[in-house]
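# The sequence isn't on hand, but the structure is:
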RNA sequence: GCACGUGUAGCUAAGUUGGUCAAAGCAAGGGUCUGCAAAACCCUUAAUCGUCGGUUCGACUCCGACCACGUGCUCCA
């Protein structure tokens, strides 16, 4: 039974979807003003692993993610570049998806852009209007928080009342109450706008998620995800907009992913503590190791990202790949052993138990390591049997379906020239002609083929 | 200032309805294999569980204080 920590109730709850086998989930997506950074990807990989595990558990998943392609930052950047807003945002949406692919993250079932849903937002504002939850001031439409009783139920009482000394009128729009937020911003010079029933303007930050989530998932659905920083005000306001319009519970489980830190401190562009995916791949790190790093710490813990740690994870994923390769290639007698099959069963239980416990990936990985070590011993002592090998491969395959940490395994084929050289070298070695043997090894190394001599012959791999 | 969270071996970290475990990975040391390598594998080392008190027969796990770090209260994954 999967248990999840629900921000709304502030405790761990057993998960069960509204419709018996179908999970409906909304994940807050990127604001496409620039490249996403690894902090963003920590979250997106959490969504990936979470989604994969739901499928692993046998659920059907409808996962919608938004692309925020209209806000202060996207406007600012596109103006700086002197290109149209949507040209700018299309470009960075594409980069975002490329990065997801690179990290082996599955795409959500639906990816939707805010600017494609202006009508839905206006309709939602109308519904709020009808319920007396809005007011207009100088062409902008505001949400009147005092008229919504449940305001604050997601983030807690902490925002009730004025926050002394901190709340200034940062927004250049006028509000009745400092806590009110804008639904529709009146058009300003130099900004894109849409002509609507509420005049020319552009959407406020929160309205897109309410409108799109309800359009694709219904007025009430199962899971809503985001980074912890979104709990307030974004999700609190989203909830207020949605429930204020429908009178129904908007979301049952609110799930929030913790932030990532670099060297124990907050990311900071100014102090050069900041990485995009490209920054890291340029330094030679593999996307797989980056994925492993970001996935290996449970999502509700702050993740301390360090380059030293990443180097370690680089080694780790390489060992995982070597291990799987070794297992594939191991030659086994038929049959199975009671001990190994018990260990495999245990590992599977431990893995699922860990993941069921609010997606404890760290503990799940421990289960993998323990079995890995045991299987390795069996291979070394040539005591691994065929059925156990199959069961083990099956288990690691299932793990990989969820965590995606083994990378691709493909049987590569060498061209015959290289094949022949390897043969020739074997013969040379047999005749103790080591000069020739080393010559061939050196030559192949230059071709990117690394040879490894084993007692069963010569193995090779690409550098 | 207010609110919340974290502090476990060199590093990344799991674990706590209080009484077997203080997982696992990386690093480090040793070994197996090899003509030599490389890779891989095996073994070992290491934590008074932030500090100081309290509760208890017994606390890493509960309570209090303190220190450090982080986050939110403003745009943010």
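Looks like it arrived, so ask away. Bear in mind the structure is a predicted one, so any value in this text is a computation, not a measurement. Numbers count the residues shown, from 1 in each chain, chains lettered A, B, ... in the order given.

# Let me know the average pLDDT across the host helix or strand of residue A:66.
Assigned by DSSP states H and E, residue A:66 belongs to strand A:60-67. Over the span of strand A:60-67, the pLDDT mean works out to 96.

# That strand near RNA strand B anywhere?
No. Judged by C-beta under 7 Å from any atom of the strand, strand A:60-67 and RNA strand B are separated, with a smallest distance of 10.3 Å. Backbone N, C-alpha and C define where each C-beta goes, glycine included.

# any chance you could map the strands in the stretch 351-463 of chain A?
Counting by DSSP state E, counting those that start in this stretch, the segments of the stretch 351-463 of chain A that form strands are A:449-454, A:457-462.

# Determine which of those strands approaches RNA strand B most closely.
Using C-beta to the nearest atom of the strand as the measure, strand A:449-454 is the one of the strands of the stretch 351-463 of chain A that comes nearest RNA strand B, at 3.2 Å.

# Helices along the stretch 1-150 of chain A, start to end?
Ranges of helices in the stretch 1-150 of chain A, per DSSP state H, counting those that start in this stretch, are A:38-56, A:72-81, A:85-102, A:118-130.

# quick one: which of those helices has the weakest pLDDT on average?
helix A:72-81 (a mean of 92).

# Any part of stretch A:349-362 near RNA strand B?
Yes. Counting by C-beta under 7 Å from any atom of the strand, RNA strand B is contacted by stretch A:349-362 at A:357, A:360, A:362.

# Now pLDDT and neighbour count too, for the residues you listed, in JSON lines please.
Conversion of these to JSON lines gives the following (pLDDT from 0 to 100; neighbours: other C-beta atoms under 10 Å):
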{"residue": "A:357", "pLDDT": "92", "neighbour count": "16"}
{"residue": "A:360", "pLDDT": "94", "neighbour count": "18"}
{"residue": "A:362", "pLDDT": "94", "neighbour count": "13"}
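
# just those residues now: which is nearest RNA strand B?
Ranking the residues of stretch A:349-362 next to RNA strand B by separation from RNA strand B, with C-beta to the nearest atom of the strand as the measure, puts residue A:362 on top at 3.6 Å.

# still on that earlier bit, any residues touching the strand holding residue A:66, and which ones?
Contacts of strand A:60-67 with the rest of the structure, by C-beta atoms under 8 Å, 6 or more residues apart in numbering, involve A:21-30, A:32, A:47, A:51, A:54-55, A:89, A:93, A:96, A:108-114, A:208-209, A:212-213, A:216-217.

# count of neighbours near the residue of the stretch 1-150 of chain A found nearest RNA strand B?
Minimum separation of the stretch 1-150 of chain A from RNA strand B (C-beta to the nearest atom of the strand) falls at residue A:39, amounting to 2.6 Å. Look at residue A:39: counted by other C-beta atoms under 10 Å, it has 20 neighbours.

# ok, the residue lying closest to it once chain neighbours are set aside - contacts?
With C-beta to C-beta, 6 or more residues apart in numbering as the criterion, residue A:39 has its nearest non-adjacent residue at 4.3 Å, and that residue is residue A:260. By C-beta under 8 Å, 6+ apart, residue A:260 lies in contact with A:38-39, A:42, A:267, A:294, A:302-305.

# Same check on residue A:148?
If a contact means C-beta under 8 Å, 6+ apart, then residue A:148 has A:133, A:240, A:243-244 as its contacts.

# ok, so of these, who is nearest residue A:2?
Comparing these against residue A:2 with C-beta to C-beta picks out residue A:243 as the nearest, at 25.3 Å.

# How about that closest one: what's its closest non-neighbour residue?
If you skip the residues right next to it in sequence, residue A:243 has residue A:250 as its closest partner in space, 5.1 Å away by C-beta to C-beta, 6+ apart.

# Just give the number of residues close to that neighbour.
The local packing count at residue A:250 equals 27, with neighbours defined by other C-beta under 10 Å.

# again, but for residue A:325
The tally of other residues near residue A:325 (other C-beta under 10 Å) stands at 15.

# which secondary structure element contains residue A:223?
Taking DSSP H and E as the criterion, residue A:223 maps to strand A:221-227.

# Okay, buried residues for stretch A:9-26 please.
A:15, A:17, A:23-26 (16 or more other C-beta atoms under 10 Å).

# Then stretch A:356-367?
Neighbour-count burial for stretch A:356-367 flags A:356-361, A:364-365, A:367 (criterion: 16+ other C-beta under 10 Å).

# Which positions in the stretch 201-350 of chain A make contact with RNA strand B?
Residues of the stretch 201-350 of chain A found near RNA strand B (C-beta under 7 Å from any atom of the strand) are A:205, A:226-234, A:257-261, A:264-267, A:296-298, A:301-304, A:306, A:308-309, A:311-313, A:315-316, A:318-319, A:322-323, A:326.

# Which parts of the stretch 151-300 of chain A are helices?
The residue ranges that make up the helices of the stretch 151-300 of chain A, judged by DSSP H, counting those that start in this stretch, are A:207-217, A:236-246, A:277-282, A:287-295.

# Nearest approach to residue A:181 belongs to which of those?
In this view, the helices of the stretch 151-300 of chain A are compared for proximity to residue A:181 by C-beta to C-beta, and helix A:236-246 is the closest at 5.3 Å.

# by contact count, what packs against that closest one?
Packed against helix A:236-246 by the contact rule (3 or more C-beta pairs under 8 Å, 6 or more residues apart in numbering; DSSP states H and E) you find helix A:118-130, strand A:140-143, helix A:207-217.
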